[in-house]
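> Provide a 3D model corresponding to the input given below.
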Amino acid sequence: MVALFLVDDYVSAELRHWCFLDAWTGCMSWRSEAHKQIVLATDASSYKYGAVVLRGTDGIPPQTLCDYFGAVEKPIHLKEAEAVHNCLLSFESKLKHHRVDVLVDKQVVLHGLQLNIDTRKIEDRLSLLDKKTDQSNSAKRKRLAASLADFLSNLPTPLTLCSCSPEDIRKFLVWKDEFGKTKIHTASCLYIGSSDSRVNCACPLRLAAGTVEGVINLLCRIFEDHGFGRFWDSMTMQGYPVCSQIVKEYLTRIREEQAKANVLPKQAKPIFMSKLRPIARYIDMQLARSDITSRERYVLLRDQAWFKLQFFAGDRAGDLSILLSQQISKRFV
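Numbers count the residues shown, from 1 in each chain. The predicted model follows:
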């Protein structure tokens, strides 16, 4: 009877490594159990490192070596660790089968060498986070890609991602701009500088410059996923249309237009106690009504909990939309 067992990749790789023993007829060389002590001192600066064998046995005389680091900038404790690694490799033939005491002037290097780092656990965690990020970004890209495909197919001359040009991308951005909620006041408008988009004027509603930049970045990812590269050749009209100069200029002009209209990035408005008290009193007054309906009671209780949690937690109101019931340990009354 043959039993089958499911093993992971690490165990499988280990088993394959030792398969040579089934047909091997040789023998392993005997390793000496006598460890001899060598004292190695290392040091590193911002551009150079060095080492010296302070004391050794078996006739190993004091030796020194030094070398320069590469052009990559690193913290000094990483350079200290790299100096130890390079020096051990340089003295490999002399240090083999010896016990080595390494002297360094940075305790963080010794602490790092003594850490028991579970690289598999770290990789699994990073893989999980990357997967969540990819799922979120992938959903946004799919929606935008579908919107772009619909726009291109409904042009007077239907196009696809492979046949569109930078000018078509700019037209798509203008079309998306029509669904914005930011009021762009003209210089002659009486409400110029106002952040309220509900004011009664004929000025258009547009996408905020930051939103336009986000759309362009998502378009970049969409074209990269389809293998268009990172460059646009204006001579042959081939490549990566989102990377063209006219698309970059479009974003610059949007920013300039909104800067002239005194459009400021929106920020969450804080709720202070002076505002919370009147709101709470009004909600309590409405809840005390004798003719209140179940629907109205639900809405008022929901708003009351929302405002009080927002105030006492100190979070932005948008953060409360992802609050879980398990996270609420105390009810504010």
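> how many other residues sit next to Arg221?
Look at Arg221: counted by other Cβ atoms under 10 Å, it has 16 neighbours. In this view, the C-beta of every residue, glycine as well, is placed from N, C-alpha and C.
> starting at the chain centroid, how far to the host helix or strand of His85?
When secondary structure is defined using DSSP states H and E, the element that contains His85 is helix 76-90. For helix 76-90, the gap between its own C-alpha mean and the chain's C-alpha mean amounts to 30 Å (Cα atoms, centre = their mean, to the nearest Å).
> So Ile283 sits against Trp306, correct?
No: assessed by Cβ atoms under 8 Å, Ile283 is found out of contact with Trp306, at 10.4 Å.
> between the two, who's got more neighbours?
Neighbours were counted for Ile283 and for Trp306 using other Cβ under 10 Å; Ile283 has more, 18 against 14.
> Next, that one: secondary structure please.
helix (DSSP: H, G, I helix; E, B strand; the rest coil).
> Quick one, grab the pLDDT at it.
According to the predicted model, the pLDDT of Ile283 comes to 90.
> if I look at the closest residue to it other than its chain neighbours, how far off is Arg281?
With Cβ to Cβ, 6 or more residues apart in numbering as the measure, Gln304 is the residue that lies nearest to Ile283, at 4.7 Å, once sequence neighbours are left out. Counting by Cβ to Cβ, to the nearest Å, the gap from Gln304 to Arg281 is 11 Å.
> Kindly report the same for Leu40.
Summarising the geometry, the distance separating Leu40 from Arg281, computed by Cβ to Cβ, is 75 Å.
> Between the two, which has more neighbouring residues?
Remark: of Leu40 and Arg281, Leu40 carries more neighbours, 22 against 10, as counted by other Cβ under 10 Å.
> Assign that one to helix, strand or coil.
For Leu40, the assignment made with three-state DSSP gives strand.
> Give me the buried positions along the helix holding His85.
With burial defined by 16 or more other Cβ atoms under 10 Å, the residues of helix 76-90 counted as buried are His77, Leu78, Lys79, Glu80, Ala81, Glu82, Ala83, Val84, Asn86, Cys87.
> The fourth one contacts Ala41, correct?
No: between Glu80 and Ala41 there is no contact, the gap being 11.8 Å when judged by Cβ under 8 Å.
> Now list whatever residues contact both of the two.
Shared contacts of Glu80 and Ala41, defined by Cβ atoms under 8 Å, 6 or more residues apart in numbering, comprise Val104.
> Low-confidence regions, the stretch 201-333 of the chain specifically.
Counting by pLDDT under 70, the stretch 201-333 of the chain shows low-confidence ranges at 229, 264-271, 312-333.
> Mind jotting down where the helices sit in it?
209-225, 245-260, 273-287, 294-313 (DSSP state H, counting those that start in this stretch).
> Next: the stretch 1-150 of the chain.
Taking DSSP H, counting those that start in this stretch as the criterion, the stretch 1-150 of the chain carries its helices at 9-17, 76-90, 92-95, 107-114, 119-153.
> Looking at the ones you listed, which is nearest to Asn217?
Go through the helices of the stretch 1-150 of the chain one by one with Cβ to Cβ and the one that ends up closest to Asn217 is helix 119-153, at 10.1 Å.
> And that closest one, what does it pack against?
With contacts defined as 3 or more Cβ pairs under 8 Å, 6 or more residues apart in numbering; DSSP states H and E, the secondary structure elements packing on helix 119-153 are helix 166-177, helix 209-225.
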